[in-house]
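**Student:** just coords:
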């Protein structure tokens, strides 16, 4: 079996015969040069499946699903709320957070946020590629940018990264079964009046960011 893993948006099931889209077909047949009767894997929320190439016609790959390799993962929801940043750093952050297991990205517009628009289509591609490369089955979602007030309506355990706290550890045993959300402020940090809003929230935890390089 090849080491090719592709995220497949449509439903997957045993004995399914279907085709890859134009971009994925090009990648499989032209870039990776996988031939007829060779196998690769497809994944989505239904799990991961082994598929065999039936044919390559007019640069479109037809495949058949042969067996299930892994079932859907059971996981705790881990969210990352953040202030959007410049493009190159943004892509890197999304990529690495996906590899580390984040399940949802929530862009927040703070008072000091500089970048106030995001390209969800481009970031979606970064997320899918990171999931394919890191052996994940679940693909994180990314929401539209929202105001802090709206974000705080979510039912979650919140880890607030604060430069002014001395706490450098979180007791994971105290977290509930609710989604755990780490929130990181803008480049100019939180306004103090904004930071104080977190103090009265249920499930609130402060954590100091420590540089490791």
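**Tutor:** Now that the structure is in, tell me what you want to look at. All figures in this text were calculated on a predicted structure; none of them were measured in a lab.
**Student:** please name the bridge partners of the nearest residue to residue 169 once chain neighbours are set aside.
**Tutor:** Closest residue in space to residue 169, ignoring its immediate chain neighbours: residue 207 at 7.8 Å, by C-beta to C-beta, 6 or more residues apart in numbering. Glycine gets a C-beta too; all of them are placed from N, C-alpha and C. Applying DSSP bridges to residue 207 gives these bridge partners: residue 161.
**Student:** okay, residue 207: pLDDT?
**Tutor:** Looking at residue 207, its pLDDT is 70.
**Student:** surely it and residue 161 touch.
**Tutor:** Yes. Assessed by C-beta atoms under 8 Å, residue 207 is found in contact with residue 161 at 5.5 Å.
**Student:** what is in contact with those two at once?
**Tutor:** Shared contacts of residue 207 and residue 161, defined by C-beta atoms under 8 Å, 6 or more residues apart in numbering, are found at residue 182.
**Student:** what's near enough to touch the one residue sitting closest to the centre of the chain?
**Tutor:** Centroid check for the chain by C-alpha atoms, centre = their mean gives residue 140 as the closest residue, at 3.1 Å. Going by C-beta under 8 Å, 6+ apart, residue 140 touches 97-98, 102-105, 127, 131.
**Student:** ok, it to residue 124 distance?
**Tutor:** 9 Å (C-beta to C-beta, to the nearest Å).
**Student:** what about stretch 23-42, start to end distance?
**Tutor:** 15 Å (C-alpha to C-alpha, to the nearest Å).
**Student:** in it, what counts as buried?
**Tutor:** 24-25, 27-29, 34, 39-42 (16 or more other C-beta atoms under 10 Å).
**Student:** sorry, back to before: what's the neighbour count on the residue nearest to residue 169?
**Tutor:** Using other C-beta atoms under 10 Å, residue 207 has 16 neighbouring residues.
**Student:** quick one, what contacts it?
**Tutor:** 159-162, 165, 167-170, 182.
**Student:** of those residues, buried ones?
**Tutor:** Listed as buried from those are 159-162, 182; burial here means 16+ other C-beta under 10 Å.
**Student:** between those residues, which sits nearest residue 5?
**Tutor:** residue 182 (26.8 Å; C-beta to C-beta).
**Student:** is it true that that closest one touches residue 97?
**Tutor:** No. Counting by C-beta under 8 Å, residue 182 does not reach residue 97; the two are 9.3 Å apart.
**Student:** would you mind listing where the protein has pLDDT under the threshold?
**Tutor:** 1-2, 163-164, 188-204, 206, 208-213 (pLDDT under 70).
**Student:** which strand residues bridge the closest residue in space to residue 135 that isn't next to it in sequence?
**Tutor:** Leaving aside its chain neighbours, residue 135 sits nearest to residue 5 (7.2 Å; criterion: C-beta to C-beta, 6+ apart). When assigned by DSSP bridges, residue 5 has beta-bridge partners residue 41.
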